[in-house]
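J.: Prediction below, plus the sequence it came from.
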Amino acid sequence: MHDPLDLHDLVSDELRQRRESGYAIDLTEDQLGTRDLASLYAELVATTPTAGWPYDEPSDLATILERLPTRSTADDPPRAADPDRVLGGWLGRIAGCNLGKPIENGDHWTPERIRSYLELSGAYPLRDYVPVLDPMPEDYRLLDCWTETTRGRIDGSARDDDIDYAILAVHLLEQHGRSLTPDHTAEAWLGHLPYLRVYTAERAVYAGLLQGVPVADVADTRNPYREWIGALIRADAYGWVLPGRPRAAATLAYADASLSHRANGIYGAMWAAALVASAGRADSVDQVVDEALTCVPARTRLHEALVGVRELHRGGAAWDDALDDIRRRHGHYSWVHTVNNACLIAAGLLWGDGDFAASVGLTVQGGWDTDSNGATAGSVVGTLIGAARLPERFVQPLHDRTRSALFGYDNSRISDLALRTLRLSEVFAEAEQTAC
């Protein structure tokens, strides 16, 4: 499913992507079996947007920066990160990922099914790792990873791409610093990530790189997943190393995201990096969300959607009503798209209001890409409040250890990853202070 090497998946997913981004195409899924798929794909990629498309969604950095909202918060002067906040971000990301991992299937685990399962388990609202019912009712199917990601069964963090990419970003920054380019990111993927441990856009790009597609073109080549959530989940480290500097963090994240993503896929990564950077110095979730929104280009679907979530919160909407609104407005996207999942992350942060358990619990209860969303929400709140204030029930089972598919990084100590991240922030801050 969603395999870029499968021609039917490629055409079906490209058809959906084109329709979501302003192309009028007179073709239905049912007709795919009656057409030559290779020629049909060639037709799809040659189509042009419909006139009157109301959004302006560039993918080059210069234009993106020009299109950012005029009301923009200035970055703080360069300073090294706070050690407790960096460790809090790492622990929060990893705990939030493990929280959502056993129910990561947006087609099956809808908010209604999640709630009914939690109510049967006596665990609603979700404020701890997901419990396991024994026997498991027929209508509920946890992922196979439930044996290492559910309450009472966690002994160190399970391996997940949401964790792999955070580790890889630290590696990239240690190697290349703020001179990071998409070419560096591509080289690191091929050298450190197994092909079968990357998905959707990342797998499409990986395949393209192996076939000799130039880095500048690979995100646009046989990649219908270019606006999905993959780049967003890779962005946290760019915020951790630049605390209080959301614009700088968003710009740094672009060098990673633009290898594999375009338009809203890139903006999601810039927004996530800005969230974490703001959380490294901010005093409130409202401040974090407001500052990060200034790093998303105006007149884009992502900006419009995130403004809508913020307005729901400012208007006093109850959580259930806000969730219904988000699902109604953005449920037409794939359950691993950037726009809809970013809305859930923003909502979980706003309604959770700095409470770690409530923030990750609400975010995961929203469904869709539960482990990715739990990871990002957990990272932001963990960075905002620091490791010392994280609930012990989330942190203790991790035992300061995480599995990883990255070559050379399996069984990493979480505290070591945080220390390396902190050192990077110190190096960056010192370099900028010297330059000034």
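T.: Here it is on my side, so go on.

J.: Lowest mean pLDDT among the helices and strands of this structure, which one is it?
T.: Least confident helix or strand of the chain, by mean pLDDT, DSSP states H and E, is helix 37-45 with a mean of 92.

J.: Quick check: next helix or strand after that one?
T.: Next in sequence after helix 37-45, counting helices and strands by DSSP states H and E, comes helix 61-66.

J.: now what about that next one, what contacts it?
T.: 58, 251, 254, 258, 266-267, 270, 297 (Cβ atoms under 8 Å, 6 or more residues apart in numbering). (C-beta placed from N, C-alpha, C; glycine too.)

J.: Surely residue 397 and residue 154 touch.
T.: Yes. Between residue 397 and residue 154 a contact is recorded at 3.8 Å, counting by Cβ atoms under 8 Å.

J.: Show me which residues of the helix ranked longest in the chain are buried.
T.: As assigned by DSSP state H, the longest helix anywhere in the chain is helix 414-435. The neighbour-count criterion (16 or more other Cβ atoms under 10 Å) identifies 414, 417-418, 420-425, 427-429, 432 as the buried residues of helix 414-435.

J.: Stretch 56-74 now?
T.: Residues of stretch 56-74 classed as buried by neighbour count (16+ other Cβ under 10 Å): 57-59, 64-65, 67-68, 73.

J.: Please identify which pair of those lies farthest apart.
T.: Maximum pairwise distance among the buried residues of stretch 56-74 (Cβ to Cβ): 23.9 Å, between 59 and 73.

J.: Look up how far residue 271 lies from the residue nearest to residue 169 when sequence neighbours are not counted.
T.: Counting by Cβ to Cβ, 6 or more residues apart in numbering, residue 237 is the residue found nearest to residue 169 once chain neighbours are left out, at 3.6 Å. As judged by Cβ to Cβ, to the nearest Å, residue 237 and residue 271 stand 15 Å apart.

J.: what do you get for residue 142?
T.: 30 Å.

J.: Give me the more crowded residue out of these two.
T.: Just comparing residue 142 and residue 271: by other Cβ atoms under 10 Å the higher neighbour count belongs to residue 271, 30 against 21.

J.: Assess the claim that residue 327 and residue 309 are in contact.
T.: No. In this structure, residue 327 is not within contact of residue 309 by Cβ under 8 Å, at 11.9 Å.

J.: so residue 420 makes contact with residue 169?
T.: No. Using Cβ under 8 Å, residue 420 makes no contact with residue 169, being 10.9 Å away.

J.: List the residues that contact residue 124.
T.: Residue 124 neighbours (Cβ under 8 Å, 6+ apart): 115, 118.

J.: on that earlier part again, make TSV out of the contacts of helix 61-66 and add distance to residue 303 and pLDDT.
T.: Formatted as TSV, these follow (distance: Cβ to Cβ, whole Å; pLDDT from 0 to 100):
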residue	distance to residue 303	pLDDT
58	13	98
251	17	97
254	16	98
258	18	98
266	13	99
267	7	99
270	11	98
297	6	98
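
J.: What about those residues, which one has the most neighbours?
T.: residue 267 leads these on contacts (other Cβ under 10 Å) with 34 neighbours.

J.: Distance check, it against residue 82.
T.: Counting by Cβ to Cβ, the separation of residue 267 from residue 82 is 27 Å.

J.: Just give the number of residues close to residue 123.
T.: Neighbours of residue 123 (other Cβ under 10 Å): 17.

J.: And for residue 253?
T.: Neighbours of residue 253 under the rule other Cβ under 10 Å: 32.

J.: now the strands: where do they sit in the stretch 1-150 of the chain?
T.: Per DSSP state E, counting those that start in this stretch, the stretch 1-150 of the chain carries no strands over any range.

J.: quick one: low-confidence ranges for it?
T.: Applying pLDDT under 70 to the stretch 1-150 of the chain picks out residues 71-73.

J.: In it, mark out all the helices, start to finish.
T.: 7-20, 37-45, 61-66, 83-100, 111-121, 146-149 (DSSP state H, counting those that start in this stretch).

J.: Can you say which of the ones you listed is packed in most?
T.: Counting by mean count of other Cβ atoms under 10 Å, helix 83-100 has the highest mean neighbour count of these, with a mean of 28.

J.: can you state the direction angle for it and helix 111-121?
T.: Helix 83-100 runs at 90 degrees relative to helix 111-121, counting by axes from the mean of the first three to the mean of the last three Cα atoms, to 10 degrees.

J.: Give me the secondary structure label for residue 289.
T.: Counting by DSSP: H, G, I helix; E, B strand; the rest coil, the backbone at residue 289 sits in helix.

J.: The buried residues of helix 414-435 into CSV, with extra columns for distance to residue 357?
T.: Formatted as CSV, the buried residues of helix 414-435 follow (distance: Cβ to Cβ, whole Å):
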residue, distance to residue 357
414, 19
417, 23
418, 21
420, 28
421, 24
422, 25
423, 30
424, 29
425, 27
427, 34
428, 32
429, 32
432, 36
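
J.: out of the residues you listed, who's nearest residue 11?
T.: Among the buried residues of helix 414-435, residue 417 lies closest to residue 11 (Cβ to Cβ), at 40.1 Å.

J.: what sits against the closest one?
T.: Shown in contact with residue 417 (Cβ under 8 Å, 6+ apart): 90, 166-167, 170, 402.

J.: From residue 338, how far out is the residue lying closest to residue 59 once chain neighbours are set aside?
T.: Excluding the flanking residues, the one nearest residue 59 by Cβ to Cβ, 6+ apart is residue 262, at 4.5 Å. For residue 262, the distance to residue 338 equals 11 Å [Cβ to Cβ].

J.: which residues do these two both contact?
T.: Common neighbours of residue 262 and residue 338 (Cβ under 8 Å, 6+ apart) are residue 227.

J.: neighbour-wise, which of the two wins?
T.: In this view residue 262 and residue 338 are compared by other Cβ under 10 Å, and residue 338 has more residues nearby, 31 against 22.

J.: so what's residue 377 up against?
T.: With Cβ under 8 Å, 6+ apart, residue 377 has these contacts: 96, 345, 348-349, 352, 359-360, 363.

J.: Residue 274 too?
T.: By Cβ under 8 Å, 6+ apart, the neighbours of residue 274 are 239, 246-247, 249-250, 291-292, 294-295.

J.: follow-up on the earlier one: I'd like the contacts of helix 61-66 laid out as a markdown table, including distance to residue 322.
T.: What follows is those, written out as a markdown table (distance: Cβ to Cβ, whole Å):
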| residue | distance to residue 322 |
| --- | --- |
| 58 | 30 |
| 251 | 31 |
| 254 | 30 |
| 258 | 32 |
| 266 | 26 |
| 267 | 21 |
| 270 | 24 |
| 297 | 24 |
